[in-house]
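Chemist: Have a look at this prediction, sequence included:
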2 protein chains.
Amino acid sequence: MTLIAAAQFGPVLGDPDANRATAAGAVRDAAAQGARLVVLPELSDSGYVFTGPDEARGLATRAADSPTLRQWRDLAAAHGCVVVGGFCELGDDGLLYNSAALVDGSGTRAVYRKAHLWDREKLIFTPGADAPPVVSLPYGQVAVMICYDLEFPEWARLAALDGADLIAAPVNWPAAPCPAGERPAEVTKVQADASVNGVYVVVADRCGVERGVDWISGTLIAGPEGYLLAGPVLADHPALLVADCDLAAARDKRINEHNDLLADRRPELYPRVTSG
Amino acid sequence: MTLIAAAQFGPVLGDPDANRATAAGAVRDAAAQGARLVVLPELSDSGYVFTGPDEARGLATRAADSPTLRQWRDLAAAHGCVVVGGFCELGDDGLLYNSAALVDGSGTRAVYRKAHLWDREKLIFTPGADAPPVVSLPYGQVAVMICYDLEFPEWARLAALDGADLIAAPVNWPAAPCPAGERPAEVTKVQADASVNGVYVVVADRCGVERGVDWISGTLIAGPEGYLLAGPVLADHPALLVADCDLAAARDKRINEHNDLLADRRPELYPRVTSG
């Protein structure tokens, strides 16, 4: 079993030094509990509610020399853990990306650029052109995707087909109307992603009202049967969730003598899912 | 708005006359409340827990001369409604199918053969080779799929891409362990199918222990935002759920100024979802 953590906190728009300090505190707290993987929110170093591309550009860093990723590497090395978090990326092509990195003590293992952009992100960021990375770690295979990506079942499926045991997902879930007593639909969709693929899904959401936007603050850890192992927090305050996860066990997709979550697919019947 | 109904009842294994009478009562009750579409459980005429193919074969009928489908046509004609229900089908090819039909007063509009077979069904039935049908009704476009099909997000997606506003799904959900206080994962997956595609999903489950198997009895009606409009029943007794549904409204997939549930897909990045 491997202890996995998800950290919810409230980045301060335009104050990356403060945000990195907050993130470092969360990683240290998680590591102190024994966590081997710590997931941080989307755009954790910059904040989210930009006025436009100029403001985002002023906060974006290149992956190769990002102080955020360098900090995560140092933390990972010091604590023997892995950090997955969102950062505001300036591409070598000069374009802006809503990205997440998976970083261990050796450095950046993967950078993922959000492929499905939400709302005004389309005015600021370029969508990614690559599938979610799946990174081999000592305890299992970890995929990375971001927020609205989780609402496209094709995306979680792709990660599972590529061998992911766990999907680490930085998010910033803006609050939306939800019937009393119901779980937000975002949470339900994550549970389904986990269940139909037999994978863990670890979501780190944010808190803290930003320019009038508030958040679901739905940080959670879902198990491969789709039930929640921790969270959702659903409260506007920092939180650190942990759960013991058996990533190797998630690799076995058999659910009874005759059924297997992935082998039961009928891909020959799905072609239109991949055409416009 | 169109009133939609889902009927939960307990078919008696091997007594199709009794099961048709039960179904007829449910359709009449639903029509009396004003329902224009009534969904019945999977294998509603035969029962489910067969000892093997021989027993199923003895209860299977050809779609062209099935007393079950003839009854649904007569009921639909008498009450001005549409019936979707599961029946045990003998194909013209001599093979057995776990099928569902959509029947209106004019007769059988579509027969669908379950494509994703559950557990021992694989020893009895041949899986279907066709996508879910999408049938144009006066109030909207209705797709048909069956039980375990709902757990393949590709399948619900295919129906939505083919224009479905509502998925009618006969099911027999065998009971399975579920943490206290949690909704069964089957329900969560249906909510996600509805939400990611912006469609209604109407599930008619069964009740009544059969050869030691009991059932979730999770009959429900989910709205296009993934929240439940009725159910889940989650109790071992007959039930009739109804909800007012605006199928035409479900056709608009825009969720804000910049996002559209289907147009936001990145099909060019999903090719491996359709390969083995």
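Modeler: It's in.
Chemist: what about A:Leu3, which helix or strand?
Modeler: In the assignment (DSSP states H and E), A:Leu3 maps to strand A:2-8.
Chemist: Please identify the buried residues of that strand?
Modeler: Within strand A:2-8, the residues that qualify as buried by neighbour count (16 or more other C-beta atoms under 10 Å in any protein chain shown) are A:2-8. For glycine as for every other residue, the C-beta is placed from the backbone atoms N, C-alpha and C.
Chemist: and if you look at stretch A:164-184?
Modeler: The neighbour-count criterion (16+ other C-beta under 10 Å) identifies A:164-174, A:178, A:183-184 as the buried residues of stretch A:164-184.
Chemist: Stretch A:241-249 now?
Modeler: When neighbours are counted by 16+ other C-beta under 10 Å, the buried residues of stretch A:241-249 are found to be A:241-243, A:245, A:247.
Chemist: Check what pLDDT A:Gly276 gets.
Modeler: Here the pLDDT value assigned to A:Gly276 is 45.
Chemist: still on that earlier bit, how about the buried residues of stretch A:164-184 in JSON lines, adding secondary structure, distance to A:Asp15 and pLDDT?
Modeler: Converted to JSON lines, these look like this (DSSP: H, G, I helix; E, B strand; the rest coil; distance: C-beta to C-beta, whole Å; pLDDT from 0 to 100):
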{"residue": "A:Ala164", "secondary structure": "coil", "distance to A:Asp15": "33", "pLDDT": "98"}
{"residue": "A:Asp165", "secondary structure": "coil", "distance to A:Asp15": "35", "pLDDT": "98"}
{"residue": "A:Leu166", "secondary structure": "strand", "distance to A:Asp15": "31", "pLDDT": "98"}
{"residue": "A:Ile167", "secondary structure": "strand", "distance to A:Asp15": "29", "pLDDT": "99"}
{"residue": "A:Ala168", "secondary structure": "strand", "distance to A:Asp15": "25", "pLDDT": "99"}
{"residue": "A:Ala169", "secondary structure": "strand", "distance to A:Asp15": "24", "pLDDT": "99"}
{"residue": "A:Pro170", "secondary structure": "strand", "distance to A:Asp15": "18", "pLDDT": "99"}
{"residue": "A:Val171", "secondary structure": "coil", "distance to A:Asp15": "20", "pLDDT": "98"}
{"residue": "A:Asn172", "secondary structure": "coil", "distance to A:Asp15": "16", "pLDDT": "98"}
{"residue": "A:Trp173", "secondary structure": "coil", "distance to A:Asp15": "21", "pLDDT": "98"}
{"residue": "A:Pro174", "secondary structure": "strand", "distance to A:Asp15": "20", "pLDDT": "98"}
{"residue": "A:Cys178", "secondary structure": "coil", "distance to A:Asp15": "30", "pLDDT": "96"}
{"residue": "A:Arg183", "secondary structure": "coil", "distance to A:Asp15": "32", "pLDDT": "97"}
{"residue": "A:Pro184", "secondary structure": "coil", "distance to A:Asp15": "28", "pLDDT": "98"}
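Chemist: can you list the residues of the stretch 1-150 of chain A near chain B?
Modeler: A:115-120, A:122-123, A:127, A:129-131, A:148 (C-beta under 8 Å from any C-beta of the partner chain).
Chemist: Could you find the closest non-adjacent residue to A:Val144?
Modeler: A:Tyr112 (4.4 Å; C-beta to C-beta, 6 or more residues apart in numbering or on different chains).
Chemist: returning to what we had before: which one of the buried residues of strand A:2-8 sits closest to A:Ser136?
Modeler: Comparing the buried residues of strand A:2-8 against A:Ser136 with C-beta to C-beta places A:Thr2 closest, at 13.6 Å.
Chemist: Just confirm the closest one contacts A:Ala248, I think it does.
Modeler: No: A:Thr2 sits out of contact with A:Ala248 when judged by C-beta atoms under 8 Å, with a separation of 9.2 Å.
Chemist: Quick check: neighbours shared by these two?
Modeler: Residues within reach of A:Thr2 and of A:Ala248 at once, by C-beta atoms under 8 Å, 6 or more residues apart in numbering or on different chains, are A:139-140.
Chemist: now the helices: where do they sit in the stretch 1-150 of chain A?
Modeler: When secondary structure is read from DSSP state H, counting those that start in this stretch, the stretch 1-150 of chain A shows helices at A:16-32, A:53-59, A:67-79.
Chemist: how long is stretch A:247-258 from one end to the other?
Modeler: Terminal residues of stretch A:247-258 lie 23 Å apart, using C-alpha to C-alpha, to the nearest Å.
Chemist: what's in contact with it?
Modeler: The list of residues contacting stretch A:247-258 from outside it, by C-beta under 8 Å, 6+ apart, reads A:2, A:139-142, A:163, A:165-166, A:198-200, A:224, A:260-263, B:117-123.
Chemist: let's see 6 Å
Modeler: By C-beta atoms under 6 Å, 6 or more residues apart in numbering or on different chains, the surrounding residues in contact with stretch A:247-258 are A:139-140, A:165-166, A:198-199, A:224, A:260-262, B:119, B:122.
Chemist: what's the answer for stretch A:198-206, then?
Modeler: Under the criterion C-beta under 6 Å, 6+ apart, residues A:4, A:6-8, A:10, A:39-41, A:160, A:164, A:166-173, A:190, A:193-194, A:215, A:217-222, A:224, A:245, A:250, A:253, A:261 lie in contact with stretch A:198-206.
Chemist: sorry, back to before: can you tell me which of the buried residues of stretch A:241-249 are in strands?
Modeler: Cross-referencing these against strands under DSSP state E gives A:241-243, A:245.
Chemist: CSV please, covering the residues you listed and showing distance to chain B and pLDDT.
Modeler: Rendered in CSV, the data for these read as follows (distance: C-beta to the nearest C-beta, whole Å; pLDDT from 0 to 100):
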residue, distance to chain B, pLDDT
A:Leu241, 16, 99
A:Val242, 18, 98
A:Ala243, 13, 98
A:Cys245, 16, 98
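Chemist: Dump those residues into a markdown table; add distance to B:Phe152 as well.
Modeler: Listed next are those as a markdown table, based on distance: C-beta to C-beta, whole Å:
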| residue | distance to B:Phe152 |
| --- | --- |
| A:Leu241 | 30 |
| A:Val242 | 32 |
| A:Ala243 | 27 |
| A:Cys245 | 25 |
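Chemist: Which parts of chain A are strands?
Modeler: Counting by DSSP E, one finds strands in chain A at the ranges A:2-8, A:37-39, A:82-90, A:96-104, A:107-113, A:134-137, A:140-144, A:166-170, A:200-204, A:220-222, A:228-230, A:239-245.
Chemist: Please name the strands paired to the fifth one in the sheet, noting orientation.
Modeler: Yep, that's strand A:107-113 we're talking about. Using DSSP bridges, the strands paired with strand A:107-113 are strand A:96-104 (antiparallel).
Chemist: Need the contact partners of the partner strand.
Modeler: When contacts are taken as C-beta under 6 Å, 6+ apart, the neighbours of strand A:96-104 outside the stretch itself are A:56, A:60, A:69, A:72-73, A:76, A:82-84, A:86-87, A:89, A:91, A:108-114, A:121, A:125, A:135, A:144, A:146, A:170.
Chemist: and the direction of it versus that of strand A:140-144, what angle?
Modeler: An angle of 160 degrees separates the directions of strand A:96-104 and strand A:140-144 when computed by axes from the mean of the first three to the mean of the last three C-alpha atoms, to 10 degrees.
Chemist: tell me the angle strand A:96-104 makes with strand A:166-170.
Modeler: Compare the direction of strand A:96-104 with that of strand A:166-170 by the same axes, to 10 degrees and you get 130 degrees.
Chemist: now the angle from strand A:96-104 to helix A:67-79?
Modeler: With the same axes, to 10 degrees as the basis, strand A:96-104 and helix A:67-79 are set at 10 degrees to each other.
Chemist: for the record, mean pLDDT for strand A:96-104?
Modeler: Averaging pLDDT along strand A:96-104 gives 99.
Chemist: so what's the residue positioned nearest the centre of chain A closest to, chain neighbours aside?
Modeler: For chain A, the residue sitting closest to the mean C-alpha position, by C-alpha atoms, centre = their mean, is A:Ala169 at 1.3 Å. The shortest distance from A:Ala169 to any non-neighbouring residue, by C-beta to C-beta, 6+ apart, is to A:Val203 (5.0 Å).
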